[in-house]
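Trainee: Please find the sequence and the predicted model below.
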Amino acid sequence: MSNIQNEMRAVAKELLESGKATVVLGWEKGTMPYDSTPVMIRSAADVDKLIWDEYCLQNLSTYLIDFINTEDKVAIFAKGCDTRAYNRLVHDRRINPKNSIVIGVPCSGMKNPKVAAKTPEGAEVPMANACKECRYPNPVACDQKIGSDVTPWCTAKDFSDVEAIEAMDADAKAAFWKEQYSKCIRCYACRNICPACNCTNCIFDQSASGWCSKDVNASENQFYGVTRAFHVAGRCIECGQCEAVCPSDIPIMLMNKKFIKDIDTLFGNYEAGLVTEGTTPLNSYQVADPEEFM
Amino acid sequence: MERVGVFICHCGSNIGAVVDCARVAEAVRNYPGVAYSTDYKYMCSEPGQEMIQNAIKEHNLNRVVVASCSPRMHEKTFRACVEKVGMNPYMFEMANIREHCSWVHAGKNEEATEKAIDLVKMAVSKVCKNEVLQKGHAPVTKRALVVGGGIAGIQCALDIANNGYQVDILERTPSIGGKMSQIDKTFPTIDCSACILTPKMVEASSHPNIKLITFAELEKVEGYVGNFDVTIRSKARSVDMSKCTGCGTCMTKCPGKADDEFNMKLRKRTAIYTPFPQAIPNKPVIDRESCLKFKSRKEGKDVCGICAKMCPAGAIDYEQEDELFVEKYGAIVMATGYEQFDHSVYGEYGYGKYPDVISGLHFERLVNASGPTQGHIVRPSDHKEPKTVVMVKCVGSRDPEHGKSYCSRTCCMYTAKQATMIRDHCPDTKVYVFYMDVRTPGKLYDEFYNRTREEYGVDYIRGRVSKIYQEGEQLIVKGEDTLLGQQVEIAADLVILANAMIPNPDSEKMAQTVGIGYDKDGWFTESHPKLGPVETHTAGVFLAGACQGPKDIPDSVAQAGAAAVKVCALLSKDQLETEPTVSVVDTKLCSGCGLCVPVCPYKAITLETIQERKGGKTVERQVANVNSSLCQGCGACTVTCRSGSANLKHFTNAQILAEVDALCQTMQ
């Protein structure tokens, strides 16, 4: 860990001093031991704020959206999942790859800060949920890389949790999701952190459109959850940040994974965020598309 | 303020016998927005329409809902009706309480009435959100493209050209003429096919309004009705058309040989060739597959070149390559014809292995004076005159298991024609015809069939052939005579199969290129089986001839004329009205992700750069832009757009939500 941290600082220093980058996005230590929060560094003097530990969970590539109209050259540190998010954002034309430098960091899996908060200091903390199922711990694409690649601990997608829900009858499913979304406080943290939720004007901020009101109740909350899952379908890069930041512990990834499973079944296995152009299963038209409903 | 008039139509007893129309009118009378509500026996009738117009004036209505049949049936009628009294036609909305209600819920009058009320409430809720829309205008390129140079294509082009419009015929083979040029005689008059076809071919080639584009294929079709941009691949002919005089010297010494497709491979042709003597243009092409020079080039050598040495005009050009060019057309007629079913799938007919089991088209070449046997009917195997001929009908037709489920329509007549021709040429030859049914509807067709049996003594046996096998020099044909209920065995010298007509093998790809529909067999789909037989669902694209389904020559010619009239009606306009029901993008909401671009079937969406003020400075960003002329209003982009910036006019998110809300309120 510390070797990587030293390298990060050295790279950041070099980029800022040489002027290749005007901003470096990384992580710094937060108030709690299980907090590693994003930090924006503009001066080479500040590079020692940068840290690399087992809580650098947060994906930094979404911050690049804010730099699309600036003159800045932004360097970001990116884990495997973060590079998939970066690719997705480039694909959605929401960030400018010419303005950014991606420094890939192979990751051995982050720890679950929510569990850590409830665990006595020094005791073993399990991996974050999404990290447990991670198939891309190494950057899928980057401008330069720190550290050496790790061996992925998962090779295939694990849909056992989705299958458990699928096995329920319709009433049980409805009851399950109703209970989950009755906890939702509509803080929109899941949306704000999501690299696939990158619209300039989110539909949930257009209350006059009539799609979804601001009311916090079971019906509107569920509509919000389902609609968001539809909106990221085929573009979710499985970073699990939505679920990690949810203050109400709603199993949001369960719904996203259901979509991933269905897309794999209907259109063949698909991995979001590996490329930056071309069509995706849900965003293409071919003359030969079957019209089974006709 | 919305003042909606609601008019419930009984459609005689079509709706009225199931739905209580008066109750529906009563139920929505006090629904929000409704100012007037009534019911009437036939809303589409003149008094019905007057009723709507009077109500608009008397009750100061600004929106109208008619609950009746499908919008496909009468939306135009009612839009015109309200427009006559000054209402914007898009302030009219139709609730389908016939196809969607009374017809499918017959006998459940109470539930059907409840459903009709819901459907009307939904329409009222939508019409309240409707906006005034104006039709657009697009220019018309006054030139047509006819794809396919068979009799249908030639006739269609002639008809268009004689109406004073420019027309191009695109033909993929080296010559126009199509299947009709391969046929010897035509039923029911037994006049020479070439004699009636070649004058038309000559007329087409010399017509000032017709341009022939032969040995070329359709590559891509872009644009829309009135303004198609068609990319054409002109295949390398290896002969410079501008220099070639068509003298034919090049063909005399060509050592390359290939099966002669025009003569159904019954003889060989040279590698540089014209398909038949009356070919138009009568200028040869080099078949690079069988040309010694091109074959040797593949092996790194460069031999032969005799044709170039022979050519007095220096027209041979071995270096020619395929050329792509784009032409503009206002209308397209598909006249791509048919192919003959391959009977080799039938084990009982010998899998196509017996040389003396031939198809109908083979026979046409055998009996043709310029064919491989100079018109003598002989067996392909030993060139002896057959003494017994068996003809088998429905080979591939009406056989869903091995062939096609449909009837090919022409076979009964061409079999009768060929039977009489055999009897004419070889009076001592016995002819048997195995048939399932004889179908001869058509002017003088049944008379012809009766003559075949009665005057020409052709023996018709009702039943299918179960097996054909070779025994010595003869073919043993086994079958059943179902009228006598006994097995039949005939020792035949020649068997002629009446093979089905099938679409061109690439008809589906062709349909996709042009953007028209096709059925399960690959025939192009007309817009309406009865009332739109030459139109397609794509505006500006029409059908002529057998590409739409099996047809004989008179039907193909008639359809070609019909398609030509439709084309001329289109080209006679200086401007076309375009529907305003297209997608629009709210650039304020658009993120410019571009995901709508690949989902658009009409390639109507592009990303354009806009400037806007952000944080005190002007910045540029990309947003989606819909070409309203190309957009067909399918709505694929609107469901792709997460931020809801793409919206389909007349089917806006707000309008559809209003309908959903209306439905959900009654459900609660």
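Mentor: Sure thing, it's come through. Numbers count the residues shown, from 1 in each chain, chains lettered A, B, ... in the order given.

Trainee: which parts of chain A sit against chain B?
Mentor: By CB under 8 Å from any CB of the partner chain, the residues of chain A that approach chain B are A:68-69, A:92-94, A:198-203, A:206, A:209-211, A:231, A:279-280, A:282-285, A:287-288. (C-beta placed from N, C-alpha, C; glycine too.)

Trainee: Now which of these would you call buried?
Mentor: By the neighbour-count criterion of 16 or more other CB atoms under 10 Å in any protein chain shown, the residues of chain A next to chain B include these buried positions: A:68-69, A:92-94, A:198-203, A:209, A:211, A:231, A:280, A:282-283, A:285.

Trainee: pLDDT averaged over the helix or strand B:Glu620 falls within, what's the number?
Mentor: Using DSSP states H and E, the element containing B:Glu620 is strand B:617-626. Average pLDDT, strand B:617-626: 92.

Trainee: Which residues are in contact with A:Ser100?
Mentor: A:64, A:67, A:73-76, A:86 (CB atoms under 8 Å, 6 or more residues apart in numbering or on different chains).

Trainee: Can you tell me which of the residues you listed lies closest to chain B?
Mentor: Nearest to chain B out of these is A:Phe67 (CB to the nearest CB; 12.0 Å).

Trainee: What residues of stretch A:105-116 count as buried?
Mentor: By 16+ other CB under 10 Å, the buried positions in stretch A:105-116 come out as A:105-107, A:109-116.

Trainee: Equivalent analysis for stretch B:420-437, please.
Mentor: Buried, per 16+ other CB under 10 Å, within stretch B:420-437: B:420-423, B:426, B:429-436.

Trainee: Same question for stretch B:57-73.
Mentor: The neighbour-count check on stretch B:57-73 (16+ other CB under 10 Å) flags B:61-69, B:71 as buried.

Trainee: Distance from it to the middle of the chain?
Mentor: Distance of stretch B:57-73 from its chain centroid, counting by CA atoms, centre = their mean, to the nearest Å, is 35 Å.

Trainee: State the mean pLDDT of it.
Mentor: On average, stretch B:57-73 scores 95.

Trainee: same thing with stretch B:595-604?
Mentor: So the average pLDDT for stretch B:595-604 ends up being 89.

Trainee: Quote the end-to-end distance of it.
Mentor: Chord length of stretch B:595-604, first to last residue, is 13 Å (CA to CA, to the nearest Å).

Trainee: what residues does it touch?
Mentor: Contacts of stretch B:595-604 (CB under 8 Å, 6+ apart): A:92, A:279-280, A:283-285, A:287, B:222, B:224, B:515, B:583, B:605-607, B:624, B:626-628, B:630-632, B:634, B:636-637, B:640-641, B:646.

Trainee: Would you mind listing the buried residues in it?
Mentor: B:595-600, B:602, B:604.

Trainee: Chain A contacts on chain B?
Mentor: Counting by CB under 8 Å from any CB, chain B sits next to chain A at B:512, B:515, B:588-595, B:598-601, B:607, B:614-615, B:619, B:621-622, B:636, B:640, B:642-645, B:653-654, B:657.

Trainee: Against which helices or strands is the helix ranked longest in chain B packed?
Mentor: Ordering each helix of chain B by length in residues (DSSP state H) puts helix B:109-129 first. For helix B:109-129, the elements it packs on are strand B:4-9, helix B:21-27, strand B:63-68, strand B:92-96, helix B:653-667, judged by 3 or more CB pairs under 8 Å, 6 or more residues apart in numbering or on different chains; DSSP states H and E.

Trainee: can you pull the buried residues of that helix?
Mentor: Under 16+ other CB under 10 Å, the buried positions of helix B:109-129 are B:112-129.

Trainee: go on, stretch B:491-501?
Mentor: For stretch B:491-501, by 16+ other CB under 10 Å, it's B:492-501.

Trainee: Dihedrals phi and psi, B:Val202?
Mentor: Backbone torsions of B:Val202, given as degrees, to the nearest 10, read phi -70, psi -40.

Trainee: Tell me, how many residues neighbour it?
Mentor: Using other CB atoms under 10 Å in any protein chain shown, B:Val202 has 12 neighbouring residues.

Trainee: for the stretch 1-150 of chain A, what spans make up the helices?
Mentor: Ranges of helices in the stretch 1-150 of chain A, per DSSP state H, counting those that start in this stretch, are A:2-18, A:80-91, A:113-118, A:129-132.

Trainee: Contacts for the second one next, please.
Mentor: Just to be clear, that refers to helix A:80-91. By CB under 8 Å, 6+ apart, helix A:80-91 touches A:59-62, A:64-65, A:76, A:78, A:95, A:97, A:100, A:102, A:104, A:106-107, A:130, A:134, A:136-142, A:195-196, A:198, A:235, A:237-240, A:272-277, A:280.

Trainee: Select only the buried ones of the residues you listed in PyMOL?
Mentor: The following PyMOL line selects those of these that are buried, judged by 16+ other CB under 10 Å:
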select buried, chain A and resi 59+60+61+62+64+65+76+78+95+100+102+104+106+107+130+134+136+137+138+139+140+141+142+195+196+198+235+237+238+239+240+272+273+280
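
Trainee: so where's the stretch 551-668 of chain B shaky on pLDDT?
Mentor: Applying pLDDT under 70 to the stretch 551-668 of chain B picks out residues B:666-668.

Trainee: Chain A now?
Mentor: A:1-2, A:287-288, A:290-294.

Trainee: Find the centremost residue of it, please.
Mentor: Most central in chain A under CA atoms, centre = their mean is A:Cys239, positioned 3.9 Å from the mean C-alpha point.

Trainee: For that residue, list the residues it contacts.
Mentor: A:59, A:81-82, A:84-85, A:130, A:195.

Trainee: Over to B:Pro139?
Mentor: Going by CB under 8 Å, 6+ apart, the list of residues near B:Pro139 reads B:226-227, B:574-576.

Trainee: B:Asp519 versus that one, what's the distance?
Mentor: Distance of B:Pro139 to B:Asp519, computed by CB to CB, to the nearest Å: 34 Å.

Trainee: what about the strands in the stretch 1-150 of chain A?
Mentor: Remark: strands assigned in the stretch 1-150 of chain A by DSSP state E, counting those that start in this stretch are A:23-29, A:36-41, A:74-78, A:100-104, A:144-145.

Trainee: whoops, the stretch 251-400 of chain B was the one
Mentor: Using DSSP E, counting those that start in this stretch, strands in the stretch 251-400 of chain B cover B:257-259, B:268-270, B:272-273, B:285-286, B:323-329, B:331-334, B:338-340, B:357-359, B:388-395.

Trainee: In CSV, list those along with mean neighbour count.
Mentor: CSV is the format used below for the strands of the stretch 251-400 of chain B (neighbours: other CB atoms under 10 Å in any protein chain shown):
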stretch, mean neighbour count
strand B:257-259, 14
strand B:268-270, 19
strand B:272-273, 26
strand B:285-286, 24
strand B:323-329, 14
strand B:331-334, 28
strand B:338-340, 21
strand B:357-359, 22
strand B:388-395, 26
